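Trainee: starting from these lines, generate the structure:
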Amino acid sequence: MRLRSLPTALALLFCAPAFGTVVMALTLEEMTAMAPVVLHGTVRRSFTGWDDAHRSIWTWTEVEVQETLKGAPLRTALVKQPGGVVDGIGQSVSGAATFEGGEEVVLFLEPAVDERNAFVVLAMGAGKVTLESTLGPKVARRNLAGLSFARHGGRGVTGPVAEREQLGAADAFLKRIRAAAKGGAR
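Mentor: Residues are numbered from 1 along each chain as shown. Just a heads-up that it's a prediction; the model follows:
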């Protein structure tokens, strides 16, 4: 590379978009159809630990199920997510769902391939919807920070999404997911 091209190459390198974690762009109805389990519940607690090889940190979250929207009825669900902090050592995975105790959630889940009786969130953070009320009626929101979306048919990847997606009133959202789980209109 010639010396006068170096500034151009460096500019291109530093201006290249950082897409974060890329997941398929799916509608809520598509996520409902794909997920073997969809549940509405409350986060009870989370705990972290190393994998067996002591190379990756994982966070497990216990969710008390209020309603199984799709799949076999559950009383509790154990959700496994990459990342966390153990003994002052932390690992972070862009776009992974995060959980807080007491949080009311709707989760689109699939079985963890490496751990019996545990689930992972479908499409990472996009598969977790928080039902919350700040000053008014309860609403449904998704935190899509750290995610980018691959479009169907190889039509490229969206840029990173940095804000929370508003999904409307919580009751209407739950009704929409219940209808999708029963194969209702999209």
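
Trainee: can you pull out the helices in this structure?
Mentor: 6-15, 28-34, 170-181 (DSSP state H).

Trainee: what's in contact with the last one?
Mentor: Identification of contacts with helix 170-181 by Cβ atoms under 8 Å, 6 or more residues apart in numbering yields 28-29, 32-33, 38, 40, 69-70, 106, 129, 131, 137-140, 167, 184-186. In this view, the C-beta of every residue, glycine as well, is placed from N, C-alpha and C.

Trainee: which among those residues count as buried?
Mentor: The neighbour-count test (16 or more other Cβ atoms under 10 Å) marks 28-29, 32-33, 38, 40, 69-70, 106, 129, 131, 139-140, 167 as buried among the contacts of helix 170-181.

Trainee: can I get those residues in CSV with pLDDT?
Mentor: As requested, those are exported to CSV (pLDDT from 0 to 100):
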residue, pLDDT
28, 86
29, 92
32, 94
33, 93
38, 98
40, 98
69, 97
70, 97
106, 98
129, 93
131, 97
139, 94
140, 94
167, 88
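
Trainee: select from those every entry located in strands.
Mentor: The members of the buried ones among the contacts of helix 170-181 that map onto strands under DSSP state E are 38, 40, 69, 70, 106, 129, 131, 139, 140, 167.

Trainee: isn't the fourth one up against residue 38?
Mentor: Meaning residue 70. Yes - here residue 70 reaches residue 38: they are 4.0 Å apart, a contact under Cβ atoms under 8 Å.

Trainee: now for those two: what residues contact both?
Mentor: Common contacts of residue 70 and residue 38 (Cβ under 8 Å, 6+ apart): 32, 181.

Trainee: what about residue 98, how many neighbours?
Mentor: Residue 98 is flanked by 17 other residues according to other Cβ atoms under 10 Å.

Trainee: who's in contact with it?
Mentor: Listed by Cβ under 8 Å, 6+ apart, the contact partners of residue 98 are 81, 125, 143.

Trainee: ok, of those, which come out buried?
Mentor: 81, 125, 143.

Trainee: centroid residue for this protein?
Mentor: residue 125 (1.8 Å; Cα atoms, centre = their mean).

Trainee: quick one: pLDDT of the nearest residue to it once chain neighbours are set aside?
Mentor: In this structure, residue 125 finds its nearest non-sequential neighbour in residue 97, 4.6 Å apart by Cβ to Cβ, 6 or more residues apart in numbering. As predicted, residue 97 sits at a pLDDT of 87.

Trainee: what's residue 97 in contact with, if anything?
Mentor: Contacts of residue 97 by Cβ under 8 Å, 6+ apart are 79, 81, 121, 124, 125, 127, 128, 143.

Trainee: which ones among those residues map onto strands?
Mentor: 79, 81, 121, 128, 143.

Trainee: gap between the third one and residue 39?
Mentor: Noted for residue 121: a distance of 11 Å to residue 39, by Cβ to Cβ, to the nearest Å.
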